[in-house]
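In: any chance you can model this:
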Amino acid sequence: MEVLHYPETTFEKLPVTIFEDAGEGAVSVAYEIAELIRSKQEKGEQAVLGLATGSSPIGVYKELIRLHREEGLSFDNVITFNLDEYYPMQPDELQSYVHFMHEQLFNHIDIRPENIHIPDGTLPVEKVKEYCLAYEQKIKACGGLDLQLLGIGRTGHIGFNEPGSSINSATRLVKLDPLTITDAAKDFIKEEYVPLRALTMGVGTIMKARQIILLAWGEGKAKILQETVEGKISDEVPASFLQQHPQVQVVVDKWAGLELTRIKTPWLVGMCLWDDSLIRRAVIWLSLKMHKPILKLTDEDYKDGSLSDLLAEAGNAYALNIKVFNTIQHTITGWPGGKPNSNDTQRPERATPALKRSLIFSPHPDDDVISMGGTLLRLVDQGHDVHVAYQTSGNLAVFDDDARRYADFALGFAEKLNLGVATMQQQHADVVEFLKHKKLGEEDSALVQEIKALIRRGEAAAACRFCGVKEQNVHFMNMPFYETGQVKKKPLGEADIQAVVDILQEIRPHQIFAAGDLRDPHGTHRVCLDAIFAALARLKGKEAWLDDCYLWLYRGAWQEWDVEEIEMAVPISPEELMRKRKAIFKHQSQKDSAVFPGNDKREFWQRSEDRNHATAKLYDQLGLTEYEAIEAFVRHRF
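Out: Numbers count the residues shown, from 1 in each chain. The predicted structure is shown next:
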């Protein structure tokens, strides 16, 4: 279990432990909870746990289940109180926290049903106040919470204590912040289906717990975590109240910790071990902070920017500036497949072979053109053998109405040409009947799933045709982990990895492009990338072609690489940007309003263009050539 060690810092007002990944952090927390339970058992006492829902604690619950099944951990002496529940909400609804807790934990352990307490979302509103008072009394009657497990929302909420909550607040009915509602939409399909209110333990209730563990995983939590840990105590960030608790642990993965001062700008904390990567980051930071191109930075700028230590090591600003400027300049290339017959010493891609087999993995059927459409077009235009592999069907991201519309078209087409009309009429009737009675969050029927998959498949094929990709070079993988008919996916399995292995062995690419966009709100990008990493690890040392294969990671609709991370920057002209936009437009089911828009209301083509423009602007601010737009990539060494 790898705990990442960084210099101690006075910036942090809460103790933070950073793990290499979320899985290791979750296991550590589960062990601590198990130790509490066992110590209480030895004393003949009950362990009173405050539990959280959402994605953050799932790994903890998974490990607790393993400890119960494989190591005999009993929950017979455990009493639980959950933080919150949507209101109104029936306990049998897929989105209810009653359903969540039983599915993720309670159904798999030996806890007594009478020891489980979850706020009741079925109560009439006039009885809510009395119920909340009783919930508080039950906690007190059990001796208070021994340990409270927390996640953190992007508004800084703990439980559903949104900005404006008092440190003394108790269990109550609250209204949800618009950002919280947006984040919850992935579970409810549409924002308008998300309840506007919730029942939640108050901040005051949470603060009475004898021990608190706050979990945060992923880059999406990095900013609010930094505000919580390093910022002032404020009701605008309710999680910041935890700074006043005597026994808090903050457990995060390296991605959630990216905005912490000791990681993002460690030179502000103390002495650094300077390597090329950290030097580059510091100089770019200083350039942007001083609003000066890199080559105009002076010794005084370095001293004023708390970088005297770097200046002392480098000797002077002039040499340092040139070194970093040249490094960034060498990331820029109009030849993402390598420039033939050229000196490639300072280029991100190799000159040989002149024409490469390029394999683009796209987690969803539109990530390729959204994330790297300009580069894809450039590769095709420059004669490379471009393949696109769509890892999932993307059927979850199609509206029911679109499925009905295409079913109507199929029936009309069959009737017009007199092709299997009776069969088509029956299939059409099945689709109409299912959609008419479909419940919120219910799994689509097999036929509806297939229709939605065909919609996405047709759009992806149309975009590839527009970009000039050969028809035989378009691959639809339909990885099994995704095909559940629900937002919740299956874990990555052997069949998923083997599907990636098979396509790699079939194509034997000289370069691979894959999505490194880990803020994807439904987690598909992470699973797809893990499958690629696992497949490459399996093939390494066994396939000679892999020894001369580069893996480039792009980012898509949800985030972009920080400029100091970029290793290949592909300039996009205004004409190419328009071609990219038209390729994205081929994905009509995602146009105007997508099923899973995340917290960004812009259409995907707008996000993409704005991000590409922003990257080009950053290069311009650093003193590099001014371009219309830039697509960025980081090379992963495997």
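In: contacts, neighbours, all on C-alpha from now
Out: Fine.
In: phi, psi of F476?
Out: Dihedral angles of F476 (phi, psi; degrees, to the nearest 10) stand at phi -110, psi 110.
In: by mean pLDDT, flag the weakest helix or strand of the chain.
Out: Every helix and strand in the chain was compared by mean pLDDT, DSSP states H and E; the lowest is strand 3-4, with a mean of 60.
In: how far does the next helix or strand after that strand sit from the chain's center?
Out: Using DSSP states H and E, the next helix or strand after strand 3-4 towards the C-terminus is strand 16-19. Distance, stretch centre to chain centre, for strand 16-19: 19 Å (C-alpha atoms, centre = their mean, to the nearest Å).
In: check stretch 538-555 too.
Out: Centroid separation for stretch 538-555 versus its chain: 24 Å, with C-alpha atoms, centre = their mean.
In: show the average pLDDT along that stretch.
Out: Averaging pLDDT along stretch 538-555 yields 95.
In: outside of it itself, list whatever touches it.
Out: Residues from elsewhere that reach stretch 538-555, judged by C-alpha atoms under 8 Å, 6 or more residues apart in numbering: 371-372, 501, 508-517, 561, 632-637.
In: tally up the residues packed near the residue nearest to R69 when sequence neighbours are not counted, please.
Out: Of all residues not flanking R69 in the chain, I109 sits nearest, at 7.9 Å (C-alpha to C-alpha, 6 or more residues apart in numbering). Neighbourhood size, I109 [other C-alpha atoms under 10 Å]: 18.
In: over to K542?
Out: K542 has 10 nearby residues by other C-alpha under 10 Å.
In: cool, L260 as well?
Out: Neighbours of L260 (other C-alpha under 10 Å): 21.
In: pretty sure Y61 sits against A30.
Out: Yes. Between Y61 and A30 there is a contact at 7.3 Å, judged by C-alpha atoms under 8 Å.
In: those helices in the stretch 501-638 of the chain, which residues are they?
Out: Assigned by DSSP state H, counting those that start in this stretch, the helices in the stretch 501-638 of the chain fall at 524-539, 574-585, 604-621.
In: got the angle for the shortest one vs helix 604-621?
Out: In other words, helix 574-585. Counting by axes from the mean of the first three to the mean of the last three C-alpha atoms, to 10 degrees, helix 574-585 lies at 150 degrees to helix 604-621.
In: who's in contact with helix 574-585?
Out: Residues outside helix 574-585 that contact it (C-alpha under 8 Å, 6+ apart) are 366, 369-370, 373-374, 377, 463-464, 466-467, 591, 605, 609, 628-629.
In: which ones among those residues lie within strands?
Out: A629 (DSSP state E).
In: tell me the buried residues within the contacts of helix 574-585.
Out: For these, a burial check counting by 16 or more other C-alpha atoms under 10 Å picks out 366, 369-370, 373-374, 377, 463-464, 466-467, 605, 609, 628-629.
In: pull the most distant pair out of those residues.
Out: C464 and E628 (23.7 Å; C-alpha to C-alpha).
In: residue ranges with poor pLDDT in the stretch 1-150 of the chain?
Out: The stretch 1-150 of the chain contains residues with pLDDT under 70 at 1-9.
In: which element is V386 on?
Out: Counting by DSSP H and E, V386 is found in strand 385-390.
In: residues in contact with that strand?
Out: By C-alpha under 8 Å, 6+ apart, strand 385-390 touches 355-365, 368, 376, 379-380, 469-470, 473-478.
In: burial measure for Y318, as a count.
Out: When neighbours are defined as other C-alpha under 10 Å, Y318 has 15 of them.
In: let me redo that: L176
Out: As a burial measure, L176 scores 20 neighbours (other C-alpha under 10 Å).
In: could you check how far it is from G556?
Out: 29 Å (C-alpha to C-alpha, to the nearest Å).
In: just A632 next, same as before
Out: Going from A632 to G556 by C-alpha to C-alpha gives 10 Å.
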